[in-house]
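Asker: got a predicted structure plus its sequence, pasted below:
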Amino acid sequence: MTKLSEAAERQSHSILGRIHVEPGRHLFPLAIEQPRQVAKSPHRAGRDGRACAAAIGAQGLNLGLRDAADIADIVRDAMLSGEDPGSPQVLKRFGTARRADIASRTFAIDAANRSLLSDFLPMQSLRAAGLHLIGSFGPLRRLAMREGLAPSWRPTRRAG
């Protein structure tokens, strides 16, 4: 048993039983990816936020919830107007509705990653100061949480 296998088994408290890590290590560089489209007409399907952006943790959930809300609104409107909810036009509306949200989250996560990995001391200091300020100042922390859940620039969903 390799040291890595032993460490993984010890760290998991053997909950998964004996762990064997295959030899060879691989690197997966941090990269930001964005799809060319979030909906595909022939397949009559839309992707959710976690599949569309480099969403980390709760941001993936938040994107997914906003995706669900947007597709529900778009499908409801299409059905009320007699359109096929899987038509290219309707799926294009979904892609258009989601594009800015996905792009803004991708940009924010990319900026956070770059600031974290930067060797430039002023960048590290700015990041640390910003995180400290958000964490220690209640109104700013609440604003950051609200923006993560429901960005203020997004149009308000209408009740249906």
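Answerer: Cool, the structure landed. Residues are numbered from 1 along each chain as shown.
Asker: quick one: the strands in this protein?
Answerer: Using DSSP state E, the strands found in the chain span residues 39-40, 45-46.
Asker: worst mean pLDDT among the ones you listed?
Answerer: For the strands of the chain, the weakest mean pLDDT is recorded on strand 45-46, namely a mean of 61.
Asker: residue furthest from the geometric center of this protein?
Answerer: Relative to the mean C-alpha coordinate of the chain, counting by CA atoms, centre = their mean, the farthest residue is residue 1 (37.0 Å).
Asker: excluding chain neighbours, what is closest to that one?
Answerer: Nearest residue to residue 1, sequence neighbours excluded (CB to CB, 6 or more residues apart in numbering): residue 20, at 7.2 Å. Where you see a C-beta, it was placed from the backbone N, CA and C, and this is true even at glycine.
Asker: could you report the pLDDT at that neighbour?
Answerer: 88.
Asker: count the neighbours of it for me.
Answerer: When neighbours are counted by other CB atoms under 10 Å, residue 20 registers 11.
Asker: so it sits against residue 6, correct?
Answerer: No. Using CB atoms under 8 Å, residue 20 makes no contact with residue 6, being 10.2 Å away.
Asker: identify the contacts common to the two.
Answerer: Overlap of the contact sets of residue 20 and residue 6 (by CB atoms under 8 Å, 6 or more residues apart in numbering) is empty.
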